[in-house]
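Colleague: Sequence and predicted structure, then a few things I'm wondering about:
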Amino acid sequence: MHPATAKWYDRRDSVYIEFCVADSKDVKINFEKAKFAFSCLGGTDQVKHENEVDLFEAIDQNESMHKRTDRSVLCCLRKAEPGKPWLRLTKEKAKLTWLSVDFNNWKDWEDDSDQELGNFDRFSEMMNNMGGEGDLPDLDGADDDESADSDDEKMPDLE
């Protein structure tokens with residue numbers, strides 16, 4: 001038995017753990033209030049993987065879930081106390097060789113609610129300014145040499 005390599009990251013309401021096991025079969029996940037267990041067969045050799053973690057904080061085991069893909073198993077652990085950051089995944093400070101932080105998905109969210117709203121507003125504004133099919137300019141003749149020459153004549157002299 002080998003522990004599966006995993007990455008984790010924290011969000012406001014949940015903690016996510018991705019077990020990097022290709023072609024996993026017989027996936028078993030046990031959500032408990034302060035403990036989490038994962039096991040499966042994976043890889044071309046169908047190696048047995050088992051991981052068990054005493055969690056940093058309590059989770060809502062009824063609201064926690066997982067999703068299996070061909071490349072990994074992603075687990076969403078719903079926090080019992082949403083809005084409280086987890087400094088680490090494990091109760092103990094010990095370094096687990098199979099576990100790392102998923103920096104690609106990590107986000108400091110404690111003071112970002114205004115920023116997230118601002119990002120959404122900018123995204124909405126950008127989408128509104130993009131225009132639809134009826135707003136596209138007429139591009140007929142854009143590749144003609146004559147139209148390119150006439151555009152050059154209209155350009156102001158920058159010197």
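Modeller: Ah, there it is.

Colleague: Tell me who's in contact with residue 98.
Modeller: Contact analysis of residue 98 by C-beta atoms under 8 Å, 6 or more residues apart in numbering lists 3, 4, 5, 6, 51. To be clear about C-beta, it is placed using only N, CA and C from the backbone, and glycine gets the same treatment.

Colleague: Among those residues, which ones are in strands?
Modeller: 6, 51 (DSSP state E).

Colleague: Show me which of the contacts of residue 98 is closest to residue 78.
Modeller: residue 6 (17.9 Å; C-beta to C-beta).

Colleague: okay if I get the contacts of residue 98 as a markdown table plus distance to residue 26, neighbour count and pLDDT?
Modeller: Below are the contacts of residue 98 laid out as a markdown table (distance: C-beta to C-beta, whole Å; neighbours: other C-beta atoms under 10 Å; pLDDT from 0 to 100):
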| residue | distance to residue 26 | neighbour count | pLDDT |
| --- | --- | --- | --- |
| 3 | 16 | 17 | 95 |
| 4 | 13 | 24 | 96 |
| 5 | 18 | 16 | 96 |
| 6 | 17 | 23 | 97 |
| 51 | 14 | 22 | 97 |
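
Colleague: what's the farthest-apart pair in the contacts of residue 98?
Modeller: By the measure C-beta to C-beta, 5 and 51 form the most distant pair in those, at 9.4 Å.

Colleague: shared neighbours of those two, which are they?
Modeller: 19, 98.

Colleague: Please look at residue 92 and residue 53 and confirm they touch.
Modeller: No: using C-beta atoms under 8 Å, residue 92 is not in contact with residue 53, being 9.8 Å away.
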